[in-house]
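J.: Fold the stuff below for me.
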Amino acid sequence: MDVNAYSWLSASARSWRTRELEQMGVSRRTITQLVERGVLVRLQVNAYAPARYWKSLSEAEQARFRLAAHSRASYALTPTVYSHTSAARIHRLSLWDVDDRIHVTQPSSGSSREHNVDVVRHRGKLLAGELAMVDGLQVTSLARTVVDSARLLSYRQGLITADHALHLGVQRAELRDVLQRQAGYKGVQIARQVVENASALSESPGESLTAHLVAGMPIPQPEQQLVVHTRFGEHRLDFGWREQKLALEFDGKTKYFDYAPTPEVLFQERRREKALMEQDWAFIRLEWGDLFLEATRARILEAWWNRTTSAA
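T.: Here you go, the predicted structure:
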C-alpha cells in the first residue's frame, strides 16, 4: 500500500466515519492498514482521526475531539445527551484521573442500536433547564453535570470538578436543587458532601486537593486567596494563616508557565515573596506529589505550631 496516496487524509483535521472513508474510496481493509501504519488513529467504533492532527492536540482537546467524533458516528435512535464526566469535558471543567468512557443520559424509554463498549448509557429524566448546547453538542447543564459527576466519582475527584464549576459562576443553590431532585440516587450522599464543601476560591485541581488536605487537620482552617499588602503592592496567597503569618502555596506548573513569560513570572514571584518575608511571613510550598504523602500533614502541622508558639 502506498501511504503517500492518502496524504489528503493524513493532512485533514477532522474525524472520519467508516462510511465516509468508504465513500472516498478507502476500503475497510485499507482503513485497518492505515491504522497499523500510523496514518489513522481509531477513536472508537466507526470513528477515526488523522494521526498527525490527533497528536497535535492536548489531552483535554483529544477528549473533546473524541466526543465530537462519537456524536458524528453515533447511530443512537434517540438524541444523544452527553452527561457526567463527558459533559464535564465538553464544558471544560477540571477533571482528575478520570477514565475516557463516554457517558450519555437517555430517557428510560430510549433505545439504541449502538454497540460501543466505551459508552455508558444512563437512564433518567432530564428537565429542560438541565440541558445545554456546547460546541454543537447537547450536554447536561453545568449544575446537573457537577452533581452527576460527583455521584460517579470519588469525593476528591468530585470536589475538583465542583470547585471549578463554582469558580465559573455556578451557584451552590443550583447544585442543591439538582441534589434534591436526585434524592435516593446512587452516590448522592457523596455528591451532597462535595456540594457543601466545594469552594469557588480554588483556582486549580491542586488548590482543591490542598484545601481537602488541610480540612482534615486539627488546626484552624486557613483563609483561601488571602490578600496581603506589601511594599510592592498586593500579594494573593493560595492559603494563609494571618495571625501566624504562615502561607501555604500550591506550586503547579500552570501557575508559572501558562500566563506570562517565564522569567518575568518567576521574577515577580520572588519579588513578592521577598517583600512578605520582610514582614516575617513564612512559606510552606507544596507540589503535586506532596498532596498524597502523609508526611505533608506533619510538615504543615509542625510549621503551624512553630509559628503559633513563636507568636505567643
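
J.: Now the element after the particular helix or strand that has Met277 in it, going C-ward?
T.: Assigned by DSSP states H and E, Met277 belongs to helix 262-278. Downstream of helix 262-278, the next assigned helix or strand under DSSP H and E is strand 282-286.

J.: ok, and what's touching that following strand?
T.: Applying Cβ atoms under 8 Å, 6 or more residues apart in numbering, the contact partners of strand 282-286 are 206, 210, 245-251, 273, 276-277, 296, 299-300, 303, 307. Quick note: C-beta positions are derived from backbone N, CA and C, even for glycine.

J.: So which of those residues sit within strands?
T.: Per DSSP state E, strands hold the following members of the contacts of strand 282-286: Leu246, Ala247, Leu248, Glu249, Phe250.

J.: Assign the nearest residue to Gln157 once chain neighbours are set aside to helix, strand or coil.
T.: Excluding the flanking residues, the one nearest Gln157 by Cβ to Cβ, 6 or more residues apart in numbering is Trp96, at 5.5 Å. Three-state call for Trp96 (DSSP: H, G, I helix; E, B strand; the rest coil): coil.

J.: Next, count neighbours for Trp96.
T.: For Trp96, the count of nearby residues is 16 (other Cβ atoms under 10 Å).

J.: Against Leu43, how distant is it?
T.: 23 Å (Cβ to Cβ, to the nearest Å).

J.: neighbours of Thr85, just the number please.
T.: Around Thr85 sit 25 other residues, with neighbours defined as other Cβ under 10 Å.

J.: what's near enough to touch it?
T.: Contacts of Thr85 (Cβ under 8 Å, 6+ apart): Leu95, Val98, Arg101, His103, Ser149, Leu152, Leu153.

J.: Correct me if wrong: the third one contacts Val119.
T.: Right, Arg101. Yes: look at Arg101 against Val119 with Cβ atoms under 8 Å: they come within range, at 7.2 Å.

J.: From Leu168, how far out is the residue nearest to the spatial centre of the chain?
T.: Residue closest to the average C-alpha location in the chain (Cα atoms, centre = their mean): Ser94, at 1.7 Å. Separation of Ser94 from Leu168 (Cβ to Cβ) stands at 10 Å.

J.: Tell me if I'm right that Ser202 and Thr161 touch.
T.: No: counting by Cβ under 8 Å, Thr161 is not a contact partner of Ser202; they are 10.9 Å apart.

J.: Mind checking the pLDDT average for stretch 218-230?
T.: For stretch 218-230, mean pLDDT rounds to 94.

J.: typo on my end, stretch 35-43
T.: Stretch 35-43 shows a mean pLDDT of 94.
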